[in-house]
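Asker: After the sequence you'll find the predicted model.
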Amino acid sequence: MVAHSGRDVTTAMDVLVVGAGTTGLILALQAHAHGARVRVVERRPEPFRPSRALILHPRTLEVLRPLGVTDALLEPADTAPRVHLHLGSRVVETGLADLALPDTAFPHLSLVRQTDVETVLARALAGRGVTVERGTELLTARDDGDGARAVLRSRHGVEETRCPFVVGCDGPASAVRACADIGWHDRPYAEEVVLADLDLGGMPPGADAQVFAGRRGLLFLFPLGEQATWRLLATRASAGGAGQDFGQPGPAVPEAELQRLLNDTGMTARIERLAWSARVPLQCGLARRFRRGRLFLAGDAAHNYSPATGQGMNAGIQDAVNLGWKLGFAASGSGGGFANGFDAEVLLDSYDRERRAAAHRRLLLTHTAFWAEASTGRLPSWLRAVAVPRAAPAVPVLLGRRRLVAEAVRVISQLRVNYRHSPLSVEGTPPLRGAPRPGDRLPDAAVSVGGPAQRLHGLLARPGVHLLLQRDAAPPPDTADPRVTVLRLWNSPGRGLVAVRPDGHVGFRCGAADPAGLTGWLSLIGAAPFPPVRP
């Protein structure tokens, strides 16, 4: 690859990923796992930045499992976190492990720093022969009809490159979004977040996470600091300022202000060492679309949330898993996504239809939650300062209702997300009753494939499409596509079939042999077509 001042072009890749945060790294891993050649560029020359995200949800771990990174992600994580909720003068202890979620292998919230997540993902990507090109900035990108052109600048000079697809994983101020001329709906919050890493005197060694609810907002202390023992996260009325870079760490916060935030909770802890601090201005925002031609948006480039319920990193990862396999199927073996008569437009358009609808619903969830936990308005302030402490005696009872807590976690972690209205969700003939509907997430379960019972998600923990046959189902026609795997579930009576997408959602189902329907669905997503089915 030769750097130059403006002309042509390299075609040694299918997908150019702009941005090497969690979204960009997962996008590259998922697209690569499904046949695409990927290149990842990152404007920042150094990998470290303070973690803004600290939680991996169950659904996120599920979708990452086929990429072989979950064990490494869980190694530095706290998968059985305990939290002390300070509600007025009452302290309620609760655990976030074993959340009564029998249909997932990850029935817990996992506390892990975003920097640790990115380290694991970058290492996995390097193991596949893809190195992040740091200090490389996207100057322009455009769709030229049958591909995309991008101009990059690095220490080697300016380079123009051509490839089938460019994906912007480059944050709220996305250069790809600007190049694609995609509109952005946003709304600044009147509140901001304060972040800091600090060592505290007066805290016992090994203390659990602490959460304080007060009139002015919430304050969290996590034993997950990167440059000190404790990570502080607090909400407060925004200090304002022109030219705010929403969602990014801004000016430092004086130690005296941080100590006042701690004092306002009633804590006696004192700051012994302040490693770093930052104000983070907040907004909620949503791109008008997630695709324009060969240019795509994912993660914070497509949607921006408050930190309530920990959606940002998780939503970006789930975007990347959804889009990555589609780009891999569209690009592999074709250079442009239209091999062997396959028209990729329906497949590629499905990303916007599926993930933008999910993002809109998530925006409503996070906005409501942030209003309750951080708004300085009269009603939410009264709720936190007066109503919640009065109701504190009932909190342990509510937390003891494991099914209620589990349902809340299902909603927060996006286990309830479905794509039933997607063009990729197809019901065969006859329909299969008693199984997840097309578009639904496939739940985990104990199954038999000819031996001792195993967990279904463990059997599906590899890239590609999985065809699940009931015990008496007719075998599907042979296909040479290595990305399609067939499993027969001997403990599932019936003659039906379920096709599971690489992101763990059901794409097709039928109650008995429907070779034409199955062939049509596999052709729709770009899997190698079956030979003609004989009557």
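Answerer: Arrived safely, thanks for sending.
Asker: Pop out the phi and psi values for Arg37.
Answerer: phi -90, psi 130 (degrees, to the nearest 10).
Asker: An error on my part: the question was meant for Ala237.
Answerer: Recorded main-chain torsions at Ala237 are phi -60, psi 140, according to degrees, to the nearest 10.
Asker: Number of residues surrounding the closest residue to it other than its chain neighbours?
Answerer: Of all residues not flanking Ala237 in the chain, Thr376 sits nearest, at 5.0 Å (C-beta to C-beta, 6 or more residues apart in numbering). For glycine as for every other residue, the C-beta is placed from the backbone atoms N, C-alpha and C. When neighbours are counted by other C-beta atoms under 10 Å, Thr376 registers 15.
Asker: And Ala252, by the same measure?
Answerer: 14.
Asker: thinking again about what came up before, please name the residues that touch the residue nearest to Ala237.
Answerer: 190-191, 216-217, 236-237 (C-beta atoms under 8 Å, 6 or more residues apart in numbering).
Asker: Would it be right to say that it lies in a helix?
Answerer: No: looking at Thr376 with DSSP: H, G, I helix; E, B strand; the rest coil, it is coil, so not inside a helix.
Asker: thinking again about what came up before, farthest pair within the contacts of Thr376?
Answerer: Ala190 and Arg216 (12.4 Å; C-beta to C-beta).
Asker: Comparing those two, which residue is more hemmed in?
Answerer: Per other C-beta under 10 Å, whichever of Ala190 and Arg216 has more neighbours is Arg216, with 18 against 12.
Asker: Tell me the spatial nearest neighbour of that one, not counting adjacent residues.
Answerer: Closest to Arg216 by C-beta to C-beta, 6+ apart is Arg236, at 6.0 Å.
Asker: Got the confidence number for that neighbour?
Answerer: At Arg236 the predicted local distance difference test score is 89.
Asker: still on that earlier bit, mutual contacts of Ala190 and Arg216, please.
Answerer: 237, 376.
Asker: Return the member of the contacts of Thr376 nearest to Pro502.
Answerer: Among these, and counting by C-beta to C-beta, the member closest to Pro502 is Glu191, at 38.5 Å.
Asker: Do a quick rundown of the helices in this structure.
Answerer: Using DSSP state H, the helices of the chain run over 22-33, 58-64, 70-74, 114-127, 175-179, 255-264, 312-331, 345-374, 378-382, 388-391, 395-400, 402-412, 456-459, 515-525.
Asker: would you turn the ones you listed into a markdown table with mean pLDDT and mean neighbour count?
Answerer: Output for the helices of the chain, formatted as a markdown table (pLDDT from 0 to 100; neighbours: other C-beta atoms under 10 Å):
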| stretch | mean pLDDT | mean neighbour count |
| --- | --- | --- |
| helix 22-33 | 98 | 29 |
| helix 58-64 | 97 | 25 |
| helix 70-74 | 97 | 17 |
| helix 114-127 | 96 | 19 |
| helix 175-179 | 97 | 22 |
| helix 255-264 | 94 | 15 |
| helix 312-331 | 96 | 28 |
| helix 345-374 | 94 | 18 |
| helix 378-382 | 88 | 13 |
| helix 388-391 | 84 | 15 |
| helix 395-400 | 74 | 12 |
| helix 402-412 | 85 | 16 |
| helix 456-459 | 97 | 17 |
| helix 515-525 | 93 | 19 |
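Asker: which stretch among the ones you listed comes nearest Glu93?
Answerer: Closest among those, using C-beta to C-beta: helix 395-400, at 8.6 Å.
Asker: ok now the closest one, how far from the chain's centre?
Answerer: 29 Å (C-alpha atoms, centre = their mean, to the nearest Å).
Asker: Give the other helices and strands that it contacts.
Answerer: Applying 3 or more C-beta pairs under 8 Å, 6 or more residues apart in numbering; DSSP states H and E, we find helix 395-400 packed against strand 90-95, helix 402-412.
Asker: Starting from the shortest one, tell me which strands it pairs with and how they run.
Answerer: Translated: strand 90-95. strand 82-87 (antiparallel) (DSSP bridges).
Asker: distance between the strand it pairs with and the chain's centre?
Answerer: That offset, for strand 82-87, works out to 27 Å (C-alpha atoms, centre = their mean).
Asker: Now it: average pLDDT?
Answerer: On average, strand 82-87 scores 89.
Asker: From the rest of the structure, what touches that strand?
Answerer: With C-beta under 8 Å, 6+ apart, strand 82-87 has contacts from 91-96, 208-213, 265-266, 388-389, 391-392, 395.
Asker: rerun at 10 Å
Answerer: 91-97, 109, 111, 207-214, 219-222, 265-267, 384, 388-393, 395-396, 399 (C-beta atoms under 10 Å, 6 or more residues apart in numbering).
Asker: Please check the residues you listed and keep the buried ones.
Answerer: For those, a neighbour count by 16 or more other C-beta atoms under 10 Å gives the buried set as 92, 94, 96, 109, 111, 208-214, 219-222, 265, 267, 384, 388-389, 392.
Asker: Would you check that Ser350 makes contact with Leu524?
Answerer: Yes: assessed by C-beta atoms under 10 Å, Ser350 is found in contact with Leu524 at 9.3 Å.
Asker: Bridged to the nearest residue to Gln259 once chain neighbours are set aside, which residues?
Answerer: Once flanking residues are discounted, Gln259 sits nearest to Ile271: 5.4 Å by C-beta to C-beta, 6+ apart. Bridge pairing for Ile271 (DSSP bridges) gives the partners Leu200.
Asker: quick one: contacts for Ile271?
Answerer: Counted by C-beta under 10 Å, 6+ apart, Ile271 has contacts 196, 198-201, 228, 230, 232, 255-256, 258-259, 262.
Asker: Pipe those residues into CSV and attach distance to Thr485 per row.
Answerer: Supplementary listing: the contacts of Ile271 in CSV, determined by distance: C-beta to C-beta, whole Å:
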residue, distance to Thr485
Ala196, 48
Leu198, 50
Asp199, 51
Leu200, 51
Gly201, 56
Ala228, 47
Trp230, 46
Leu232, 47
Glu255, 57
Ala256, 60
Leu258, 53
Gln259, 57
Leu262, 54
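Asker: sorry, back to before: list residues touching both of Ser350 and Leu524?
Answerer: With C-beta under 10 Å, 6+ apart, Ser350 and Leu524 have common neighbours 423-424.
Asker: between the contacts of Ile271, which is nearest Thr79?
Answerer: Trp230 (19.9 Å).
Asker: could you check the distance from that closest one over to Phe342?
Answerer: 53 Å (C-beta to C-beta, to the nearest Å).
Asker: quick one: which of these two has more around it?
Answerer: Trp230 (22 against 19).
Asker: Would you confirm that the more buried one contacts Ala207?
Answerer: Yes: Trp230 is within contact range of Ala207, at 8.9 Å (criterion: C-beta under 10 Å).
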